[in-house]
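Student: Sharing a sequence plus its predicted fold:
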Amino acid sequence: MRTAIQLYTLRDVDGSTSDLVSLVAETTFDGVEFAGTPDEEVSAALTETGLDAAAAHVGIEHLEGHRGSVLEACEAAGVDTVVVPWLDESEFESRAAVERTANRLDGIGDALADRGFRLAYHNHDQEFTALGETTGYELLLSELGDSVSIELDTGWALAAGRDPVDLLRRIDDAPLVHLKDVDAETKTPVELGEGDLDVEGCAEAARDAGTEWIIYEHDEPSNPRTSLAHGGAVLDALR
């Protein structure tokens, strides 16, 4: 199981994406996950640092309207997994809405698979709305086809009142896992080990599930550079 950082964590650090890659290379992370379509200069930075691209977060509208250019950029950067990072809560407000959402993702997943890419979906907390005896998220999992994988965000799942360890044990295809700690009561992101996330339990469940990349993310770090170093050290110890 390899380690990476979602570069959204470092969005307030001055510099280009290539500069951020170089900064990550000073830690023990094996790779990076891009927050957006990678730019043209990133490929050289990855080669120079020896880091790999775990995935790239790309908005669904961009994937639908500019798929060709997105995939060309991803291919140049060595990205083979593209992640839809967010969908509005309206996409999960009813069974019919979830079925439409699954069909939409399946269509994109099939198109990406034809080009040799993998699509994954990353959750927040709005997916876990109750729909009878199930939730929008669990219904989505049951409706998705084989061309869409899952990137479970453990912190957002915990913020939604779910047990991310249990979820990891039940998800069939979770090649990517976001390890994010939160204060469950306030839903506030905190540094790993300072909140309510069972960090070691999540790492163990991810390993058992065959997860390829465990990815550190902090949505609101008070000091991104300190958070980078801390996250890298914690994930390195969980290998």
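Tutor: That came in fine, so what should we check first? Numbering: from 1, shown residues only.
Student: how far away is the residue nearest to P164 when sequence neighbours are not counted from L179?
Tutor: The shortest distance from P164 to any non-neighbouring residue, by CB to CB, 6 or more residues apart in numbering, is to T154 (3.8 Å). For the C-beta atoms, the positions are set from N, CA and C on the backbone; glycine is no exception. Here T154 is placed at a distance of 6 Å from L179 (CB to CB, to the nearest Å).
Student: So if I had to pick from these two, which one is more boxed in?
Tutor: Neighbours were counted for T154 and for L179 using other CB atoms under 10 Å; T154 has more, 30 against 25.
Student: What's the mean pLDDT across stretch 81-97?
Tutor: Taken as a whole, stretch 81-97 carries a mean pLDDT of 98.
Student: ok, back up a step: wait, doesn't the residue nearest to P164 sit right on I171?
Tutor: No. Using CB atoms under 8 Å, T154 is not in contact with I171, being 11.5 Å away.
Student: give me the number of residues near G50?
Tutor: When neighbours are counted by other CB under 10 Å, G50 registers 9.
Student: List the contacts of it.
Tutor: A25 (CB atoms under 8 Å, 6 or more residues apart in numbering).
Student: cool, and A159?
Tutor: Remark: with contacts taken as CB under 8 Å, 6+ apart, A159 is in contact with 125, 182, 184, 187.
Student: ok, now which ones touch the residue sitting furthest away from the middle of the chain?
Tutor: Computed with CA atoms, centre = their mean, the residue of the chain farthest from its C-alpha average is G132, at 27.5 Å. Counting by CB under 8 Å, 6+ apart, G132 touches R95.
Student: same question, the one 4 residues further on
Tutor: Under the criterion of CB under 8 Å, 6+ apart, the contact partners of G136 comprise 91-93, 97-98, 126-129.
Student: Only the buried subset of those, as a ChimeraX command please.
Tutor: In ChimeraX syntax, the buried subset of these is picked out as below (16 or more other CB atoms under 10 Å):
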select :91,92,97,98,126,127,128,129
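Student: and which of the contacts of G136 is nearest S69?
Tutor: E91 (24.7 Å; CB to CB).
Student: Which pLDDT does the model give the residue nearest to G231 when sequence neighbours are not counted?
Tutor: Of all residues not flanking G231 in the chain, Y216 sits nearest, at 3.7 Å (CB to CB, 6+ apart). pLDDT, Y216: 98.
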